[in-house]
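Chemist: show me the folded form of this:
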Amino acid sequence: MQEGAVLEMRGICKYFPGVRALQDVDFTLREGEIHALMGENGAGKSTLIKVLTGVYPKDGGEIRIKGVDGAVSIHSPQDAQNAGISTVYQEITLCPNLTVAENMYIGRTKGNLTNWKEINKGAAKILETLGIPASPRQQLGACSIAVQQMVAIARAVDMDCKVLILDEPTSSLDEQEVEKLFGLMRDLKAKGVGIIFVTHFLDQVYEVCDRITVLRDGGLVGEYVIEDLPRVRLVSKMLGKELDDMADIKKDVCTAEVSVDGVPVLEAEGLSSSAGIKPFDFSIRKGEVNGLTGLLGSGRSECVRAIFGADHVTAGTVKMNGKPVKISKPLDAMKHGIGYLPEDRKGDGIVGDLSVRENIILALQVMKGFFRPFSRAQAEAFADEYIKLLEIKTASSDTPVKSLSGGNQQKVILARWLLTNPQYLILDEPTRGIDIGTKVEIQKLVLKLASEGKSVTFISSEIDEMLRTCSRLVVMRDRKAVGELSGENLTQSQIMATIAGGDESCQ
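Modeler: All right, here's what the predicted structure looks like:
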């Protein structure tokens, strides 16, 4: 092993049917180091962590741990724990109905023979050593989420972990709680614990980490000392775009020029939500295609969910065509002429066991009311019209939608919203996971809708695609809007610089 290393993973491979999840990935964690593991959705971060913790068996490579001769075999989370590897997940996996001490020692007690006085005393000592503001005897559920995270970390530390994995630990914390967690992480670092930090928040990476390993499409991009990797370079490596290639991206010839004068179709001021979105302003005009861009986890989807009423709005106002409206649930948005194609096609979009026809008429039927159903002839006429218009490949309108390809399922959801004749259409990752031909069809459809006077907000992880379709982009970072780009500033290099944190990051 390298000098000072507490963990080495070499040539790690993992395959699923038809998918190369990891290919020859190397990862090194040193003692007393906080090491960020970065990459976009599908990069392989979660798979690498699951291989390390024994959730998935590896298909190639080896894992070495300090103090163990030769490669270690990790076939289960218990094996990982025995090897000194502990994981604290975003979702608290402890028992809120038990006390803090009981959670710290659960699985390590001796039933009726347990000396709870000693357990509470031991827990108090650990809590005091780590500066965790909790009492051993208080119920865990009465503690804040941040303290619960810290208790989970204290449990891991007390089990003599050499490697601590923190998987999105700050996603549910406010700024003060994040600072407390970072203080604990620094204390553990000083004690020689190696910490793997998985997060989507760039600011946090540069505040607390020593090194960064970047994965993309299941492969290793590289390992970097944090001072040697400016933010804009990190973003380019995560997205797979080199800075030299950024300035020359032009809109596709199919982009339509549309008028964006007059009162906005929708205008939001100071909107924030229960999903952690900080107050933001947003507007879109008739015939405009605008977009929200940023890395995964930046808040793109949460912003449009707030606009659509899918998440609880905690502050702010919304106007439609200059008049104040209240949108507290999706049905309110639908009645105001807003349609929404969600990011999670299978979870939030299609109803798999229903037919293509039933999925297409679903939104219009909800608006009409289920006690006033469409006749079979009406429903078939609606479905046939949009199957033809969008060229949905299906044996018939009676075919269960779950049997269609991903691209055709996406077209079915588009058909559902077009049938309601919305003024404003929100499309969140409408081309993810579909073939290139269908992608182009959907991009052209978006521009056609805009040329007909509809307003469209388009969200995509592919910046090239955003540049081809959008005339204006709002840039998101750490769940807040950090910039707006249009005209000559709407270039790939400027987008990436804004995502990274401004021009100073290019130094």
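Chemist: how far does stretch 264-282 sit from its chain's centre?
Modeler: 19 Å (Cα atoms, centre = their mean, to the nearest Å).
Chemist: meant to ask about stretch 355-372, not that
Modeler: 30 Å.
Chemist: next one: stretch 340-349
Modeler: What separates the centre of stretch 340-349 from the centre of its chain is 14 Å, taken as Cα atoms, centre = their mean.
Chemist: and what of stretch 152-162?
Modeler: Mean-position distance between stretch 152-162 and its chain equals 27 Å (Cα atoms, centre = their mean).
Chemist: going forward, the N-terminal residue is numbered 583.
Modeler: Sure thing, new numbering starts at 583, so read that last one as stretch 734-744.
Chemist: list the buried residues of that stretch.
Modeler: Within stretch 734-744, the residues that qualify as buried are A734, I735, A736, R737, A738, V739, D740, C743, K744, counting by 16 or more other Cβ atoms under 10 Å. (Each C-beta comes from the backbone N, C-alpha and C, glycine too.)
Chemist: shouldn't the fifth one be within a helix?
Modeler: Yes: using DSSP: H, G, I helix; E, B strand; the rest coil, the assignment for A738 is a helix.
Chemist: so how far is E759 from it?
Modeler: With the distance defined as Cβ to Cβ, to the nearest Å, A738 ends up 18 Å from E759.
Chemist: output the contacting helices and strands for the helix or strand encompassing Q1025.
Modeler: Per DSSP states H and E, Q1025 falls inside helix 1018-1033. Contact partners of helix 1018-1033 among helices and strands, from 3 or more Cβ pairs under 8 Å, 6 or more residues apart in numbering; DSSP states H and E: strand 871-875, helix 988-1000, strand 1037-1041, helix 1045-1051.
Chemist: in CSV, list those along with mean pLDDT and distance to Q663.
Modeler: Formatted as CSV, those follow (pLDDT from 0 to 100; distance: least, Cβ to Cβ, whole Å):
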stretch, mean pLDDT, distance to Q663
strand 871-875, 92, 40
helix 988-1000, 87, 38
strand 1037-1041, 93, 39
helix 1045-1051, 85, 41
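Chemist: wait, doesn't A736 sit right on M686?
Modeler: Yes: assessed by Cβ atoms under 8 Å, A736 is found in contact with M686 at 6.0 Å.
Chemist: out of the helices and strands packed on helix 1018-1033, which is closest to A963?
Modeler: helix 988-1000 (12.9 Å; Cβ to Cβ).
Chemist: what's the next secondary structure element after that closest one?
Modeler: Beyond helix 988-1000 toward the C-terminal end (DSSP H and E), the next one is strand 1006-1010.
Chemist: next up, phi/psi of the residue positioned nearest the centre of the chain, please.
Modeler: When Cα atoms, centre = their mean is applied to the chain, the residue found nearest the centroid is G879 (3.8 Å). Backbone torsions of G879, given as degrees, to the nearest 10, read phi 90, psi 0.
Chemist: next one: the residue nearest to it when sequence neighbours are not counted from G876, what distance?
Modeler: Nearest non-adjacent residue to G879, counting by Cβ to Cβ, 6 or more residues apart in numbering: H782, 2.9 Å away. Using Cβ to Cβ, one gets 9 Å for the distance from H782 to G876.
Chemist: ok, those two, which is more surrounded?
Modeler: Set H782 next to G876 and count neighbours by other Cβ atoms under 10 Å: G876 wins out with 28 against 22.
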